[in-house]
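1. Here's a sequence, model it:
(chains A and B)
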Amino acid sequence: MALLEITNLTVEFATAHGSLRAVDRVSLSLDAGDIVAIVGESGSGKSVAMLALMGLLPWTATITADRMSFDGKDLLTMNPKQRRAIIGKDISMIFQEPMTSLNPCFNVEYQISEVLAQHFGGKRRSYKPRVIELLKKVGIPAPETRLKAYPHQLSGGMSQRVMIAMMIACEPKLLIADEPTTALDVTIQAQILELLVELQKANGMALVLITHDMAVVAETADRVVVQYAGQQVEQRSVIELFNNPRHPYTEALLSALPEYAKEKTLNAIPGVVPGQLDRPVGCLFNPRCEYAQDLCRQQPPQKSEGVLCHYPLPLKAGSNSHTEVIL
Amino acid sequence: MSPQALIEARGLHKYYTIKTGMFEPNQSLQALSGASFDLYAGQTLAVVGESGCGKSTLARLLTMIEQPTAGQLSLDGIDLGSANQKEVAKKLRQTIQMVFQDPFGSLNPRQKVGDILQEPLIINTDLNASQRRDRVLELMRRVGLLDEHIHRYPHMFSGGQRQRIAIARALILKPKIVVLDEPVSALDVSIQAQVLNLLIELQQDLGLAYVFISHDLSVVRHIADQVLVMYLGKPVEQGMSEAVFSNPQHPYTQALLSATPQANTDRKRKRIRLTGELPSPLNPPTGCSFHPRCQNAVAQCKTTAPVMAQYEDVSVACLLVN
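-> Presented below is the predicted three-dimensional model:
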C-alpha cells in the first residue's frame, strides 16, 4: 500500500472576486523511499497542494478530495487532534526562507527540542544529547557550541540545516521540502540537496521536493509532476520527462532554459500564467501553446497516459514506452 | 587603433570601516580588492560569485553611488578621479544606469508607470511635457509594453512586466552602460527567457554595454562575453566566457561550475564538494582567501596571497595554477 495517496485534491479560496481554484484535481501517490519533484511557476498551486495536506491553509480555503490518506489513515475524516499527532512527526515540511521560518526569539536547542518534547513527551532539557546528534547529522560543525545560538547568528545555509534537523527530529516517513534551496547560494544549495538525499536514503523517507528549478529536479528526483495554473499537466519518471516531454508546456519549459538554447535568442514562452480573472476556456495552456488547435480552445482536456493534453507530443522512437501511469 | 573602452577599471578597492564598540579600534572591511577590467560597447561582462563576494559593491562603484577607496575608474573615457568632479559626474551618471533585482521593491508603488519613466527626463533634460510623453511611449513600445499601460500603477503588473518597466526606466536617458544586478533571478523560468531575450535584443540594437551581476551560471554562460569570478572581494578568475566555462582554472570556479545543477538526467557527473561556508570578510583567512575550502590547498596557500596572472586564455589568482 502506498504511503501517501491523494486523489483529486481541489483547493478553492474564497476571495473578494469569487472563488479561486488554486489546486485543481491533483493526484499523487508516494511509496516509502520515493523522491518526487513538483515543478511549476509561481501560482501553479504546488505549495498550496502540500499545505493542504499539512492542514496549514487559512479558513478561507475549501479543501475537497476523493481520497487523502497517509500510512493507511484517512486524513479527511481525522479530527484536528489526531492530525496534530501526525503533522510534524510523520509528515514534516521545510520551508523556503530559513531566516523567516525559524523563531528569532528562541535558540537552536529550544526550537529543536520543542518538537521532540511535543511529540514524544518528557522534558525539553532531556533531549539535549539528541539535539546535538541531530545537528551533527545535518553537518553543523561543533554542534555543542551552536546549541545556544539564535537564528540571527546563523548564516542562510546554517539556518536551513537547523530547519532540516528540526524536521527530521522525529524521523518522519514523509518530508516535504518547499523550495529548500531557492534563497541559498549555489555551493550551499549543492550541500543542502546532497544532505536531503543522503538523509532520505538513510532513513528510507519519502521526499517531496517543490521547486521551480528544472536543473535541481533533473539532478535529484526520481519522478516529476509538472503543474500549471493549479493542474497537473504531466507526471512521469525524470529520465522520460527530460528526454521526451509529452506535454507542450513541459517541452516549452525545458526549451526556455538557457543551457538548451542553440542560438542567442531563447525560446521564451509568450504570455503569462493566467490569473483568477482571465482563465481561458478549454485547456488552460492554450493561449501560450504553439500547438493549440480549435478543440483546445473549446474543451478542457482529459488526462491520458499521465499527460493532460488533447494532443500529447509523440513518443520518441527508442525511448522507454511503458510509461508509468499513475494519474 | 582599438576602440575606446566604455569602462576602464584598474585595481578598484573599496574598504568600509566598521565600528566594533566604543573603546575598540575600528575595523576595516575589504568589500572589494583589486578588480580590473575593460568593457567595450555592445559587450557584456558578467560578475559571478556567492553572496558577500563584492558583486554589489562593484556595482555601487560603477554607478558612482560610492567612491572607490583606491584604484582608477574611467567611464566613457573620462577619469572619475580627475578635477571638475561635480560637473563630470552629473553628465556621466546619465551614461550609466542600473536595473535592480527585485522588480517589486524597485518601483514606487504610488507612481504611475508614465511618471516613473518621466522622472529621469524631468531631472536631467529640458524636454517639454509632450516630448517627454513621446519618449516614454517610444520606450514602452520598445520593451514590449502597451500604450495604455502609461496610466497604470506597478501593482497592476506581473513580475516580468515590472522588470520591463525597470528596464525602460534605465534606458530612458539613452545610457551607454547598464548595470544589471540579478535582473532575472526573481522571475519564473518562462518569463526569465522573455526578459533575457529583450535584454539581448536591446543590446544588439542600441550597442549597450552590460555589467551583468548574477549567481546563475547557466544564464551567465548564455549572455556574457567576459566573466569575472569573485571570492570574498577578490577577483579569482577572469577571461572570455567560453574560456572560463570550458576550461576553468581556479579551484573555486571549478567548484562553482560543478555545484550548479544541470538540466540533464545524467547523474554520473562528479561533483567537487565545497565544504564549509564563506568566511567572514571582517576576518578573512591569511594567504589565499579560498584555502580553507580548497581541496588542492598546500601549506604555501596559507601564507602567500596569490595575484592575478595570465594563464593560457584566462587570468587566474591561484598559486598552484601559476
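2. Run a quick check on A:Gln200 versus A:Thr220, I expect a contact.
-> No: A:Gln200 lies out of contact with A:Thr220 (Cβ atoms under 8 Å); the separation is 9.5 Å. The C-beta positions use only the backbone N, C-alpha and C, and glycine is treated the same way.
3. okay, A:Ala215: pLDDT?
-> The model reports A:Ala215 with a pLDDT of 89.
4. for the one 4 residues further on, same thing?
-> In this model, A:Glu219 is scored at 89, pLDDT.
5. Which of the three states applies to it?
-> Under DSSP: H, G, I helix; E, B strand; the rest coil, A:Glu219 falls in the helix class.
6. What about it, how many residues nearby?
-> If you count neighbours by other Cβ atoms under 10 Å in any protein chain shown, A:Glu219 ends up with 23.
7. Might one say that it is in contact with A:Leu196?
-> No: in this structure, A:Glu219 is not within contact of A:Leu196 by Cβ under 8 Å, at 11.7 Å.
8. okay, and the common contacts of A:Gln200 and A:Thr220?
-> Common contact partners of A:Gln200 and A:Thr220 (Cβ atoms under 8 Å, 6 or more residues apart in numbering or on different chains): A:Ile35.
9. So for these two, which sits in the more crowded spot?
-> Higher neighbour count among A:Gln200 and A:Thr220: A:Thr220, with 23 against 20, using other Cβ under 10 Å.
10. Enumerate every residue touching that one.
-> A:35, A:37, A:193, A:196-197, A:209.
11. One more pass at 7 Å, please.
-> A:35, A:37, A:193, A:197, A:209 (Cβ atoms under 7 Å, 6 or more residues apart in numbering or on different chains).
12. Same question for A:Ala49.
-> Contacts for A:Ala49 (Cβ under 7 Å, 6+ apart) come out as A:9, A:11, A:23, A:26.
13. Give me the subset of those lying in strands.
-> A:9, A:11, A:23, A:26 (DSSP state E).
14. can I get these in JSON lines with distance to chain B, pLDDT and neighbour count?
-> As requested, these are exported to JSON lines (distance: Cβ to the nearest Cβ, whole Å; pLDDT from 0 to 100; neighbours: other Cβ atoms under 10 Å in any protein chain shown):
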{"residue": "A:Leu9", "distance to chain B": "23", "pLDDT": "95", "neighbour count": "24"}
{"residue": "A:Val11", "distance to chain B": "21", "pLDDT": "95", "neighbour count": "22"}
{"residue": "A:Val23", "distance to chain B": "18", "pLDDT": "93", "neighbour count": "27"}
{"residue": "A:Val26", "distance to chain B": "19", "pLDDT": "93", "neighbour count": "26"}
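15. Residue 315: neighbour count?
-> No chain was given, so I picked chain A. 14.
16. I was after chain B.
-> The number of residues near B:Ser315, taken as other Cβ under 10 Å, comes to 21.
17. quick one, phi psi at it?
-> phi -100, psi 130 (degrees, to the nearest 10).
18. Could I get the pLDDT score of it?
-> We have a pLDDT of 92 for B:Ser315.
19. Make TSV out of the contacts of A:Thr220 and add distance to A:Pro270, pLDDT and neighbour count.
-> Formatted as TSV, these follow (distance: Cβ to Cβ, whole Å; pLDDT from 0 to 100; neighbours: other Cβ atoms under 10 Å in any protein chain shown):
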residue	distance to A:Pro270	pLDDT	neighbour count
A:Ile35	33	95	23
A:Ala37	26	95	25
A:Leu193	32	91	21
A:Val197	36	92	16
A:Leu209	28	95	27
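20. Which of the residues you listed fall within helices?
-> Residues of those located in helices (DSSP state H): A:193, A:197.
21. any idea which of the contacts of A:Thr220 is the one closest to B:Leu228?
-> A:Leu193 (26.9 Å; Cβ to Cβ).
22. so what's the closest one up against?
-> A:181, A:216, A:220.
23. Throw those into JSON lines and include distance to A:Pro248, thanks.
-> Shown next, in JSON lines, are these (distance: Cβ to Cβ, whole Å):
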{"residue": "A:Thr181", "distance to A:Pro248": "28"}
{"residue": "A:Val216", "distance to A:Pro248": "22"}
{"residue": "A:Thr220", "distance to A:Pro248": "25"}
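24. what's the closest of those residues to A:Gln96?
-> Relative to A:Gln96, and with distances defined as Cβ to Cβ, the nearest of the contacts of A:Leu193 is A:Thr181, at 8.8 Å.
25. distance of the closest one from A:Lys81?
-> Taking Cβ to Cβ, to the nearest Å as the measure, A:Thr181 falls 34 Å from A:Lys81.
26. and the two? which has more neighbours close in?
-> A:Thr181 (27 against 7).
27. residue contacts, A:Asp31?
-> A:2-3, A:206.
28. For these, pick the one with the most neighbours.
-> Most surrounded of the contacts of A:Asp31: other Cβ under 10 Å gives A:Ala206, at 22 neighbours.
29. So what's the predicted local confidence for that one?
-> Per-residue pLDDT puts A:Ala206 at 95.
30. residues from the stretch 1-150 of chain A in reach of chain B?
-> Within the stretch 1-150 of chain A, the positions near chain B by Cβ under 7 Å from any Cβ of the partner chain are A:41-42.
31. Nearest to chain B: which residue in the stretch 1-150 of chain A?
-> At 3.9 Å from chain B, A:Glu41 is the closest residue in the stretch 1-150 of chain A, using Cβ to the nearest Cβ.
32. That residue - nearest residue in space that isn't next to it in sequence?
-> B:Asp188 (3.9 Å; Cβ to Cβ, 6 or more residues apart in numbering or on different chains).
33. Quick check: the gap between the one you found and B:Cys301.
-> Here B:Asp188 is placed at a distance of 41 Å from B:Cys301 (Cβ to Cβ).
34. rewinding a little: how many neighbours does the residue of the stretch 1-150 of chain A closest to chain B have?
-> Around A:Glu41 there are 21 residues (other Cβ under 10 Å).
35. wait, isn't it in contact with A:Asp213?
-> No: with contact defined as Cβ atoms under 7 Å, A:Glu41 does not count as touching A:Asp213 (11.2 Å).
36. quick one on the thing from earlier: of all the ones in strands among the contacts of A:Ala49, which two lie farthest apart?
-> Taking Cβ to Cβ, no two of the ones in strands among the contacts of A:Ala49 sit farther apart than A:Val11 and A:Val26, at 8.6 Å.
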